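Asker: Requesting a structural model of the entry that follows:
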Amino acid sequence: MLTCLTSLLISVGVVFFFRFINMKYKPAILGIYQQRNKTYWFKFLFMYSFLRIRQVITYLKRLLAIESGRSPDGVAHVQEHHAKLEQIYKLDDHTLGIDGVYYNGMSENGDAIICGLARRPHGICDSFLYIKIKNEPLLLTPRLPDTYVQRTMEDEDDYSVQGIKIKNFIPMRTWTLSYNGEMKPRNDINKTVKVSADLIWSAQWAPFEYDTQMSPYSVADDMAREPWSRDYFELVKKLHQTHYEQMGSLTGTVTVEDNTYNINMPCVRDRSFGPLRDWRNFHRYVYHFVFLENGDCMAIGSVSQPAILSHLTIGYLCKKADQSVVAVDASDFHLYQHGENQILPKDYGFTFQAGGQSYALRVMLIDEDKFYIGKDREAKFYERWSNVEVNGVKGKACVEWQFNNTQK
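Answerer: Residues are numbered from 1 along each chain as shown. Below is the predicted model of the structure:
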């Protein structure tokens, strides 16, 4: 009996071995998006184990801080970490360094504000502001659709340029956002109006740190599709940036000429910094910032940076009921199925999984505008304000679509 079982196992092993050896290579979809190939499962298991262990180590470090008395309940340890993250990044001599902050909010009645300011070396900034208020046309900062600006002597050495001022008040708790200057209505770009905005962003959830909180399953799945080598991992390290996001609310006032409007909307804040951000390395991305009527918020999307990750699922879900923030584990949103030719869909949907539950998201376009980043317009962006529905719950969303504008 044992001999027969051994022979059977050997036979099965030989069959699987030759099937593995002769397995056909699946080429990248559209020459960009890598597929699962024969070494996928080996790489997936290795990467999943590595990422899971790294998360456990991060958790143990917090426990160690409690045990050693440096943080009685772990809170002081977290606050120290957050304060360090929120410090202004020193760009030094990194020619492609970046320190960027970004806000994107939208209320149930359709009011919306988007503001981005990225500090670059040598006094360069990429900055823009959109204000969308009921009864007013969409307002744009004067240089839009371009965002490349040079600081002046009047600008402070922080997140401040050409009337936009963004300041940290309490790390991971409160930021202020203000603007004082002219803006142009989209329906009459030769006209300008005087605009002042005094806004406060307040956190409603804990931050989501992409370095430590992304789903090990999702990241392992995406990385296992890529061809690995020593050079590959060196490039992953070289292109690494620190990125975190936090859901909250944006409140305050916006005055357009003599009309003052009260602002109160859910709003995401994100921050990125690192020694190298070259938009030419990005093929494209799509990112949905969703605010539901039941108070839940979420961010879900996909990024394609072919040199290291031709497809990366990103995102998280913030649940109002228990104030939890959970990573997105999987999604069937594939970039090659949505707008690869820059003809963007106006009504589409997809599913994703987070926190052990499945969600179906439908997106229906309301309005959109586009702009460029970089001196040579290296990246093209579409901001798309939309109605959404997630598992029957309605809400609003702003979806950001990015395309490489140097590819011909």
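Asker: and W279, how many neighbours does it have?
Answerer: As a burial measure, W279 scores 21 neighbours (other C-beta atoms under 10 Å). Every residue, glycine included, has its C-beta placed from N, CA and C.
Asker: Can you give me the pLDDT of it?
Answerer: We have a pLDDT of 97 for W279.
Asker: cool, K134 as well?
Answerer: Reported pLDDT at K134 in the predicted model: 84.
Asker: what kind of secondary structure is it in?
Answerer: coil (DSSP: H, G, I helix; E, B strand; the rest coil).
Asker: Could you pull up the residues touching it?
Answerer: N109, G110, D111 (C-beta atoms under 8 Å, 6 or more residues apart in numbering).
Asker: Buried members of the residues you listed into ChimeraX, please.
Answerer: In ChimeraX, this line selects whichever of these come out buried by 16 or more other C-beta atoms under 10 Å:
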select :111
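Asker: got CSV for the contacts of K134, with secondary structure and pLDDT too?
Answerer: Formatted as CSV, those follow (DSSP: H, G, I helix; E, B strand; the rest coil; pLDDT from 0 to 100):
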residue, secondary structure, pLDDT
N109, coil, 94
G110, coil, 93
D111, coil, 97
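Asker: out of the contacts of K134, which one sits closest to E293?
Answerer: Proximity to E293 was ranked across those by C-beta to C-beta; first place goes to N109, at 11.6 Å.
Asker: nearest residue to the closest one other than its sequence neighbours?
Answerer: Spatial nearest neighbour of N109, excluding adjacent residues (C-beta to C-beta, 6 or more residues apart in numbering): K134 at 6.0 Å.
Asker: would you turn the contacts of K134 into TSV with distance to G392?
Answerer: Shown next, in TSV, are those (distance: C-beta to C-beta, whole Å):
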residue	distance to G392
N109	21
G110	21
D111	24
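Asker: need the contact list for the nearest residue to L199 once chain neighbours are set aside.
Answerer: Leaving out its chain neighbours, the residue that sits closest to L199 by C-beta to C-beta, 6+ apart is G252, at 3.7 Å. G252 is in contact with L177, A197, D198, L199, I200, N262, I263, counting by C-beta under 8 Å, 6+ apart.
Asker: Look up the residues forming beta bridges with the residue nearest the centre of the chain.
Answerer: Centroid-nearest residue in the chain, with C-alpha atoms, centre = their mean: Y287, separated by 6.3 Å. Counting by DSSP bridges, Y287 is bridged to G301, E400.
Asker: A83 versus that one, what's the distance?
Answerer: Here Y287 is placed at a distance of 27 Å from A83 (C-beta to C-beta, to the nearest Å).
Asker: With K375 instead?
Answerer: From K375 across to A83, the span is 34 Å (C-beta to C-beta).
Asker: cool, V290 as well?
Answerer: With distances taken as C-beta to C-beta, V290 is found 29 Å from A83.
Asker: swap in N387?
Answerer: According to C-beta to C-beta, N387 stands 38 Å off from A83.
Asker: Repeat that for K194.
Answerer: 37 Å.
Asker: And for N294?
Answerer: Distance, N294 to A83, using C-beta to C-beta: 32 Å.
Asker: ok, now K370?
Answerer: Distance from K370 to A83, by C-beta to C-beta: 37 Å.
Asker: ok, back up a step: which residues does the residue nearest to L199 bridge with?
Answerer: L199, I263.
Asker: so where is the stretch 151-300 of the chain shaky, pLDDT-wise?
Answerer: Filtered on pLDDT under 70, the stretch 151-300 of the chain yields no residues whatsoever.
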